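# Below: sequence and its predicted model.
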Amino acid sequence: MKAQQFYAVAALVCIGGVMTQDTHENNLSALLEKLKLTDPQTQLEFLDFVDPKNLPKTLTCLIEGGGANCDPRTGEVRTVLQELSASDYQCSSCDVDTQRVLNILLRSIRQTATPPQCKSLEEGLQLAASFC
């Protein structure tokens, strides 16, 4: 009887993990769809978002969750970074174009931010995985 209970609990844990992963991927997919990262115009706008000369402002906006002088999508980008950090910045359900834009976004911030800026971003967004 104890073996059956063990297997039942193990099965529930596995199913719960899959459901949590599916929910996480669905949340991330919905956020990415809202951002329209595969749209060429949006991609150009995001290049400006991570331009080295704009990065201090971008990081401040991300940490603070937006503001009057911030890109209106800052809140969604913040949430995407938080969701991606839960999966170590991987998105297995993303199409190739979305993955490419995400990689550009992540790489641009990582390469341009100073270590203190990057640490502030990690702490400000309470990222689950190390960003830099």
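Now that the structure is in, tell me what you want to look at. Quantities reported herein were computed from a predicted structural model and do not represent experimental measurements. Numbers count the residues shown, from 1 in each chain.

# what helix or strand does the residue most central in space within the chain sit in?
The centroid of the chain falls nearest to Leu81 when counting by Cα atoms, centre = their mean (2.3 Å). Here Leu81, judged by DSSP states H and E, is contained in helix 74-86.

# Quick check: buried residues in that helix?
74, 77-81, 83-86 (16 or more other Cβ atoms under 10 Å). (C-beta placed from N, C-alpha, C; glycine too.)

# Just put those residues in JSON lines and tack on distance to Asp39 and pLDDT.
What follows is those, written out as JSON lines (distance: Cβ to Cβ, whole Å; pLDDT from 0 to 100):
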{"residue": "Thr74", "distance to Asp39": "18", "pLDDT": "90"}
{"residue": "Val77", "distance to Asp39": "15", "pLDDT": "91"}
{"residue": "Arg78", "distance to Asp39": "20", "pLDDT": "93"}
{"residue": "Thr79", "distance to Asp39": "19", "pLDDT": "91"}
{"residue": "Val80", "distance to Asp39": "15", "pLDDT": "90"}
{"residue": "Leu81", "distance to Asp39": "20", "pLDDT": "93"}
{"residue": "Glu83", "distance to Asp39": "20", "pLDDT": "91"}
{"residue": "Leu84", "distance to Asp39": "19", "pLDDT": "92"}
{"residue": "Ser85", "distance to Asp39": "24", "pLDDT": "94"}
{"residue": "Ala86", "distance to Asp39": "25", "pLDDT": "91"}
